[in-house]
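**Student:** what's the 3D shape of this:
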Amino acid sequence: MLKFREAPKCESGSIAISTSPRTLIARRYVLQQKLGSGSFGTVYLVSDKKARQGEELKVLKEISIEGLNPNETVQANLEAQLLSKLDHPAIVKFYASFVEQDSFCIITEYCEGGDLDYKIQEYKEAGKTFTENQIIEWFIQLLLGVDYMHERRILHRDLKSKNIFLKNNLLKIGKFFLNGTVYSRCISS
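**Tutor:** Coordinates of the predicted model:
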């Protein structure tokens with residue numbers, strides 16, 4: 001799998017942003033830092049050189065296509081096209097997809113608040129609780145996002161707190177794409 005060259009860490013622990021052309025991805029995205037990795041691939045925080053001010057930070061999901069057969073590669077591309085049509089405030093915005101060497105890359109909205117699971121653990125460890133109003137507000141946002149998907153006959157098959165993100169204290173459903181296994185298009189009407 002292609003591993004994007006990560007910038008070296010500074011002594012203070014922050015990531016040093018390299019201006020080397022090797023950190024430029026698709027002639028547009030500059031690697032900032034690695035956010036995580038798993039069996040599906042690796043997730044990076046990138047800055048978009050062509051984005052409007054205030055919208056520069058994005059997430060790049062890198063998925064290896066080395067082991068995929070041609071049909072799976074076509075399916076991944078079709079699924080990315082489907083995601084590009086989802087436009088709802090409670091769903092992580094999809095920006096682009098492309099192939100870079102042996103990886104399928106997906107660019108999505110960055111949610112600075114992290115995932116809901118992390119926020120719940122953070123509150124639990126601090127001995128704090130969410131207000132009833134906050135829970136109701138988030139629940140309504142979640143239901144509106146799920147309803148939007150269901151109206152388009154799309155099922156998210158892995159809806160859990162780790163796949164729900166926070167941006168400006170608003171919930172956003174994410175992690176739709178995982179080698180074609182997280183969501184599916186319903187065939188029946």
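**Student:** contacts, neighbours, all on C-alpha from now
**Tutor:** Noted.
**Student:** Where does the prediction get shaky in the chain?
**Tutor:** Counting by pLDDT under 70, the chain shows low-confidence ranges at 1-23, 40, 177-189.
**Student:** these two touch, right, E62 and C105?
**Tutor:** Yes: contact criterion Cα atoms under 8 Å: E62 and C105 qualify, at 4.7 Å.
**Student:** hang on, isn't T73 packed against S64?
**Tutor:** No: with contact defined as Cα under 8 Å, T73 does not count as touching S64 (10.3 Å).
**Student:** between the two, which one's more packed in?
**Tutor:** Between T73 and S64, counting by other Cα atoms under 10 Å, S64 is the more crowded of the two (22 against 17).
**Student:** Leaving out sequence neighbours, find the closest residue to the more buried one.
**Tutor:** Counting by Cα to Cα, 6 or more residues apart in numbering, S64 lies nearest to S103, which is 4.5 Å off, once chain neighbours are set aside.
**Student:** correct me, but S84 touches F94?
**Tutor:** Yes: with the criterion set as Cα under 8 Å, S84 and F94 qualify as a contacting pair; they are 5.4 Å apart.
**Student:** circling back to that earlier point, specify the beta-bridge partners of the residue nearest to S64.
**Tutor:** Each beta-bridge partner of S103 is listed here: S64, E100, as defined by DSSP bridges.
**Student:** Show me the helices in the chain, by range?
**Tutor:** Using DSSP state H, the helices of the chain run over residues 70-83, 116-126, 132-151.
**Student:** Which neighbouring elements make contact with the longest one?
**Tutor:** This means helix 132-151. strand 170-173 (3 or more Cα pairs under 8 Å, 6 or more residues apart in numbering; DSSP states H and E).
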